[in-house]
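Q: sequence and predicted structure below; questions after.
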Amino acid sequence: MTVEDALSWAKELLEGAGVPEARREAEILLAACLGWERARLIAYPEAALPEQQRQRFECWVRRRARREPLAYITRRARFYGLELTVGRGALIPRPETELLVEVFLEWAAQQALTPLTPLSHCVGEGGDFPPGKGTTPEFKHPAPTSNCSHLTPLFLLSVYGEGGMPALHTRSSPSPFTERGQGGEVEKAGENEASVTEVEAMRCTLVRDSPLPRSGRGDGGEGFPIFVDAGTGSGAIAIACLKHASPWLGVGIDHSRRTLHIAQTNRRKLGLDAHLMLIQSDWLTALRPRSVNAVLSNPPYVLPDEWDALQPEIRDYEPRAALVVPADDPLQPYRRIAQDALRVLRPPGLLAFETSPRLAPMLTEHLPRWGFPNPQIRLDYSGKERVVYVVLE
């Protein structure tokens with residue numbers, strides 16, 4: 001079977017299954033299967049497919065004909081210019097969610113939080129970040145004179161054994177997670193996971209290699225600012241923010257260990273092990289008061305009466321619990337996040353939600369009742385109300 005034969009067969013099968021843009025999707029599947037760029041398929045239509053790749057391609061096309069999402073089949077999705085790994089159990093990142101990232105980046109750019117020394121200068125000569133196991137970072141700059149305890153929260157893991165060992169903290173700085181650890185179990189250290197010693201080494205490298213930026217808020221606080229991605233899923237929002245807001249550090253929170261493993265893969269793939277902390281928690285319950293500067297979230301926003309009208313790719317494959325709000329209390333996830341955000345945000349702090357056009361007016365009406373006056377709405381590129389945000393002064 002040649003490339004053109006494979007594409008023609010796949011196009012016919014996908015069209016019969018009602019898949020939009022069948023030829024384009026066939027090309028994406030075959031390119032991913034062969035490890036080629038799509039342009040190479042056009043350049044070499046007579047190339048013969050190796051037997052193993054032919055069998056895999058036929059399997060993938062049949063899965064797509066059953067309306068399984070393309071991203072779940074190839075395990076790849078593009079978001080904010082980045083290629084991410086995705087998988088069943090985590091929502092596939094969507095273009096409209098990029099607006100939430102833009103709202104955060106615009107706000108962050110106004111906070112005067114650019115570090116005096118770029119984070120890229122935090123490693124020694126020829127060193128990678130984080131430092132290798134058993135090595136000592138080679139510091140190129142003198143240690144700053146300012147207090148660096150603000151960084152400790154993000155880079156201390158709580159490690160639980162079978163018997164539920166207590167969280168490990170330093171003497172000099174409290175953890176941002178509540179002492180009782182309510183819902184705040186951190187992903188367990190295992191194969192390919194940084195140990196507590198290595199994570200602490202990352203923190204020290206960040207602090208000692210780079211003078212700490214001043215917040216510019218006049219509150220005397222110093223250190224890298226921290227945002228939280230509540231319900232991080234694949235980590236798409238947090239990773240996109242970190243890739244475009246270098247002074248910031250991030251915390252990705254999710255109740256699902258399965259999705260946290262996907263986020264962990266993306267964190268390592270994009271070189272953010274030292275910048276993004278992943279914890280398993282119920283929304284923001286694991287965070288200490290006044291410990292973060294921004295809270296971002298893409299909670300469920302599909303109403304139950306909208307479910308049957310969704311595309312089969314969403315309705316039959318993506319996790320319903322991450323999509324649908326309760327019929328009798330559709331603002332429940334927003335209320336829980338907002339009430340905890342009021343506790344954990346350090347003013348001036350940003351609270352931003354992605355939501356639906358049906359829920360956006362309800363959310364702007366209720367946010368002032370929850371302690372967040374003057375919420376704003378950002379329209380997406382199709383003119384729909386998509387992001388609701390507010391700054392806590």
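A: Cool, got the structure. Note that the structure is a prediction, hence the values are computed from the model and not measured. Numbers count the residues shown, from 1 in each chain.

Q: going by C-alpha atoms from here, please, whenever you check contacts or count neighbours.
A: OK.

Q: buried ones in stretch 68-79?
A: Neighbour counts over stretch 68-79 (16 or more other Cα atoms under 10 Å) mark E68, P69, L70, A71, Y72, I73, T74, R76, A77, R78, F79 as buried.

Q: what of stretch 31-49?
A: Buried-residue list, stretch 31-49, by 16+ other Cα under 10 Å: A31, A32, C33, L34, R38, L41, L49.

Q: give me every residue that touches the closest residue to the fifth one other than its chain neighbours.
A: For R38, the nearest residue in space outside its immediate sequence neighbours is A31; the separation is 5.5 Å by Cα to Cα, 6 or more residues apart in numbering. For A31, the contact set (Cα atoms under 8 Å, 6 or more residues apart in numbering) comprises E37, R38, L41.

Q: I figured A322 hits P300, correct?
A: Yes. The criterion here is Cα atoms under 8 Å, and A322 meets it with P300 at 5.3 Å.

Q: looking at those two, which one has more neighbours?
A: It is P300, of A322 and P300, that has more neighbours when counted by other Cα atoms under 10 Å, with 22 against 17.

Q: and the pLDDT at the residue nearest to R38?
A: On pLDDT, A31 comes in at 93.

Q: against P20, how distant is it?
A: For A31, the distance to P20 (Cα to Cα, to the nearest Å) stands at 18 Å.

Q: then G233?
A: Taken as Cα to Cα, the span from G233 to P20 is 26 Å.

Q: now tabulate the buried residues of stretch 68-79 in JSON lines and tack on secondary structure and distance to W248.
A: Output for those, formatted as JSON lines (DSSP: H, G, I helix; E, B strand; the rest coil; distance: Cα to Cα, whole Å):
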{"residue": "E68", "secondary structure": "coil", "distance to W248": "36"}
{"residue": "P69", "secondary structure": "coil", "distance to W248": "33"}
{"residue": "L70", "secondary structure": "helix", "distance to W248": "32"}
{"residue": "A71", "secondary structure": "helix", "distance to W248": "29"}
{"residue": "Y72", "secondary structure": "helix", "distance to W248": "30"}
{"residue": "I73", "secondary structure": "helix", "distance to W248": "33"}
{"residue": "T74", "secondary structure": "helix", "distance to W248": "31"}
{"residue": "R76", "secondary structure": "strand", "distance to W248": "26"}
{"residue": "A77", "secondary structure": "strand", "distance to W248": "24"}
{"residue": "R78", "secondary structure": "strand", "distance to W248": "22"}
{"residue": "F79", "secondary structure": "strand", "distance to W248": "19"}
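
Q: can you redo the residues you listed as JSON lines with pLDDT and distance to M362?
A: Rendered in JSON lines, the data for the buried residues of stretch 68-79 read as follows (pLDDT from 0 to 100; distance: Cα to Cα, whole Å):
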{"residue": "E68", "pLDDT": "94", "distance to M362": "33"}
{"residue": "P69", "pLDDT": "94", "distance to M362": "31"}
{"residue": "L70", "pLDDT": "92", "distance to M362": "34"}
{"residue": "A71", "pLDDT": "93", "distance to M362": "32"}
{"residue": "Y72", "pLDDT": "93", "distance to M362": "33"}
{"residue": "I73", "pLDDT": "94", "distance to M362": "36"}
{"residue": "T74", "pLDDT": "92", "distance to M362": "37"}
{"residue": "R76", "pLDDT": "91", "distance to M362": "34"}
{"residue": "A77", "pLDDT": "92", "distance to M362": "31"}
{"residue": "R78", "pLDDT": "92", "distance to M362": "31"}
{"residue": "F79", "pLDDT": "94", "distance to M362": "28"}
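
Q: what's the farthest-apart pair in the residues you listed?
A: Greatest spacing in these, by Cα to Cα: E68 and F79 (19.3 Å).

Q: sorry, back to before: closest to P361 out of the contacts of A31?
A: When these are compared against P361 (criterion: Cα to Cα), the nearest one is R38, at 42.5 Å.

Q: which residues touch the closest one?
A: Residues near R38 by Cα under 8 Å, 6+ apart: E27, I28, A31.

Q: skipping its backbone neighbours, what lies nearest the second one in space?
A: Nearest-residue entry for I28: R38, 6.7 Å, with adjacent residues in sequence omitted and distances by Cα to Cα, 6+ apart.

Q: per-residue pLDDT, the one you found?
A: 88.

Q: helix or strand: which one has the closest residue to F79 other than its chain neighbours?
A: Excluding the flanking residues, the one nearest F79 by Cα to Cα, 6+ apart is P93, at 6.3 Å. Under the criterion DSSP states H and E, no helix or strand holds P93.

Q: can you pull the contacts of P93?
A: Counted by Cα under 8 Å, 6+ apart, P93 has contacts A77, R78, F79, S234, A236.

Q: how far away is the closest residue to the second one other than its chain neighbours from R267?
A: So the one you mean is R78. Distances taken as Cα to Cα, 6+ apart put L84 closest to R78, at 6.1 Å, once the chain neighbours are dropped. Distance from L84 to R267, counting by Cα to Cα: 9 Å.

Q: ok, P347 - contacts?
A: Neighbouring residues of P347 by Cα under 8 Å, 6+ apart: N293, L392, E393.

Q: drop anything exposed from these.
A: Judged by 16+ other Cα under 10 Å, buried ones among the contacts of P347: N293, L392.

Q: flag the least confident of the contacts of P347.
A: Taking the contacts of P347 together, the minimum pLDDT is found at E393 (84).

Q: does that residue touch G349 like I think?
A: Yes. The criterion here is Cα under 8 Å, and E393 meets it with G349 at 6.9 Å.

Q: can you show me the helices along the protein?
A: Taking DSSP state H as the criterion, the chain carries its helices at 3-16, 22-34, 38-43, 51-65, 70-74, 98-109, 196-209, 236-244, 257-269, 312-315, 332-344, 360-366.

Q: who does the last one touch, helix- and strand-wise?
A: Right, helix 360-366. Other elements packing on helix 360-366 under the criterion 3 or more Cα pairs under 8 Å, 6 or more residues apart in numbering; DSSP states H and E are strand 376-379, strand 385-392.
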